[in-house]
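> model the structure of this input:
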Amino acid sequence: MIHDVQLAPRAWRDLARLVDFLAPKSPKAEARARAVLWTAIRSLDQFPDRGTPTSVDHVRALFIPFNRGGYIVTYLLEGDDVIVLRIFHSLEER
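Numbering: from 1, shown residues only. Below you'll find the predicted structure:
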């Protein structure tokens, strides 16, 4: 079954913030981060159980390795939909 993957407004803002942070430092790293994140997010259409369950019902967290840290994508499984809630860098204070 193919699931519909959507990004919540906060996830769109997170994505923009994360890649905007890298862009002036290293355009190559920014492009690579964008590609790594999109590949992982798109994979949720076929593998929505890939992330680790969290303490919140139906919410999972997917760790995406990147350099010395990585990104954490939290998402909700709602019927046939996958809704990406937030995207963080693992070294960010939350």
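> list the buried residues of the helix or strand that contains D20.
Following DSSP states H and E, one finds D20 within helix 9-22. With burial defined by 16 or more other Cβ atoms under 10 Å, the residues of helix 9-22 counted as buried are A11, D14, L15, L18, L22. Quick note: C-beta positions are derived from backbone N, CA and C, even for glycine.
> looking at those, which is nearest D57?
If you rank the buried residues of helix 9-22 by distance to D57 using Cβ to Cβ, A11 comes first, at 18.9 Å.
> touching, the closest one and I87? I think so.
Yes - under the criterion of Cβ atoms under 8 Å, A11 is in contact with I87, at a separation of 5.5 Å.
> common neighbours of these two, please.
Residues touching both A11 and I87 (Cβ atoms under 8 Å, 6 or more residues apart in numbering) are V73.
> so where do the helices sit in the chain?
9-22, 27-43 (DSSP state H).
> what pLDDT does the residue lying closest to G70 once chain neighbours are set aside get?
The shortest distance from G70 to any residue other than its chain neighbours is 4.9 Å, reached at S90 (Cβ to Cβ, 6 or more residues apart in numbering). The per-residue pLDDT reported for S90 equals 91.
> give the bridge partners for the residue nearest the centre of the chain, please.
What sits nearest the mean C-alpha location of the chain, by Cα atoms, centre = their mean, is V73, with 3.3 Å. The bridge-partner assignment for V73, based on DSSP bridges, gives L62, I87.
> next one: the one 10 residues further on
The bridge-partner assignment for I83, based on DSSP bridges, gives Q6, L76.
> ok, now how distant is it from H89?
The gap separating I83 from H89 is 20 Å, by Cβ to Cβ, to the nearest Å.
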